[in-house]
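Asker: Using only what follows, build the 3D model:
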Amino acid sequence: MKSLSRTTALGLALLAYPLSVSAQTPGEIPFDSVPNFLKMPPGLYLGENAGVAVNSKGHIFVYTRSGAPGHIVAPQAAQLFEFAPDGSFVREIGKNLYSMAWAHAVRIDKDDNIWLVDNGSDMIVKLSPAGHVMLVLGRRRESVASTHTHPALMPGTPTPPARDTAFNEPTDVTWDPAGNIFISDGYKNMSVAKFDKNGKWIKRVGKGNGAEAGSGPGEFSNPHGIAADAAGNVYVADRSNGRVQVLDSDLKFVRNIVIDIPPPPDATLTGGYDKTLAPFKPGAPWAVCITPGPNQVLFVADAYPGRVYKLGLDGTVLGYFGTDGKELKQFNWIHAIACPSENEVLVAELLTWRVQKLLLKPSR
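Answerer: Coordinates of the predicted model:
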């Protein structure tokens, strides 16, 4: 496929590297949103929905920023809920689990194990389908006096260099066909880490320091999400670089995917943020998901203008849908996507405290 270069999204630093960019003339995909899909029982509520995932039985898992008594950072702002395929409530999982501090992602592996990524506790925890802890990666900072606080939390202290097997506000997790584990260590370490299927450390790529975010191949600026295809390639939502960076299973750079579709003239951005900031530029990837099956496609969501894009794995944009807003079929900061099939997508939103089930109606 022809490789193009553009200066508007990534700057001159990227001109030396190949970009996989579609012709950028796709059309809008018609779709519906199922109204009132998730049913919460009395006394339980969704908050900012950071993660959504679907298992092999069609059950839906939502990792939400709720449950904290009092101030938002103390002591727990994360709950995990399971729902049946029809949206009816099944159970809460992991209540009082030590790692659940500030929800960021939930993913389900091929064996229906549940993985929680928490950027408040710096931990990734694997749960069995029954909810039992099976694997712990990372370590939560000690909840003791400030003199013993992790250096990253001390006022005026620069972000320390990344350490093997440790995380600093991780964002997401995925696996290759061999079961190797890939973690986007997104807010401070600006890197992607690889473990084997048993949790043994293998390597890290990226500069590994929040003060040294990079825009070259294998460098990141807030890797915010991650997914893998059936060939073991890893797709990283390199949010503040405005691209999806594709790596092979050895974390070697393959290519960049940049979405370059202008927003409509009446596009809005909820939340009062500056549209020129890197995370809010059109096409800046907040969430990624790859469908199962032999004919895989990639879904990517941005915050402005609030769209979901459907792409081939080569980076060709096949279509898009949605806009910023609070009504059905509108989106307020999609933070996670689950895509059990090419035409069924679930999106978890932060600002509306909801999960929408979307049914796509492509013309081809």
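Asker: Identify the residues contacting Pro305.
Answerer: 263-264, 267-269, 282, 323-324 (C-beta atoms under 8 Å, 6 or more residues apart in numbering). (C-beta placed from N, C-alpha, C; glycine too.)
Asker: now Met40
Answerer: 46, 81, 89.
Asker: How about Leu38?
Answerer: So, once contact is read as C-beta under 8 Å, 6+ apart, Leu38 ends up touching 46, 60, 62, 83, 87, 89, 354-355.
Asker: And the furthest pair within those residues?
Answerer: Using C-beta to C-beta, the two most remote members of these are Phe89 and Arg354, lying 14.6 Å apart.
Asker: More neighbours: the two, which one.
Answerer: Arg354 (20 against 14; other C-beta atoms under 10 Å).
Asker: Could you pull up phi and psi at the more buried one?
Answerer: phi -140, psi 160 (degrees, to the nearest 10).
Asker: Was I right to think it contacts Glu48?
Answerer: No - here Arg354 does not reach Glu48: they are 10.1 Å apart, not a contact under C-beta atoms under 8 Å.
Asker: Please dump the contacts of Leu38 into CSV; it should also carry pLDDT and secondary structure for every row.
Answerer: Shown next, in CSV, are those (pLDDT from 0 to 100; DSSP: H, G, I helix; E, B strand; the rest coil):
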residue, pLDDT, secondary structure
Leu46, 97, coil
Ile60, 98, strand
Val62, 98, strand
Phe83, 98, strand
Gly87, 98, coil
Phe89, 98, strand
Arg354, 97, coil
Val355, 98, strand
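Asker: Buried ones among the residues you listed?
Answerer: 46, 60, 62, 83, 354-355 (16 or more other C-beta atoms under 10 Å).
Asker: which one of those residues is nearest Val125?
Answerer: Val62 (16.2 Å).
Asker: Report the contact partners of the closest one.
Answerer: 38, 46, 49, 51-52, 80-81, 83, 106, 348, 355.
Asker: closest to Gln296 among those?
Answerer: Val52 (18.9 Å).
Asker: so what's that closest one bridging to?
Answerer: Val62 (DSSP bridges).
Asker: Make sure it is actually in contact with Pro340.
Answerer: No - contact criterion C-beta under 8 Å: Val52 and Pro340 do not qualify, at 10.8 Å.
Asker: Show me the strands in the stretch 251-364 of the chain, by range?
Answerer: Here the stretch 251-364 of the chain has its strands, by DSSP state E, counting those that start in this stretch, at 253-257, 287-290, 297-301, 308-312, 317-321, 334-341, 344-349, 355-360.
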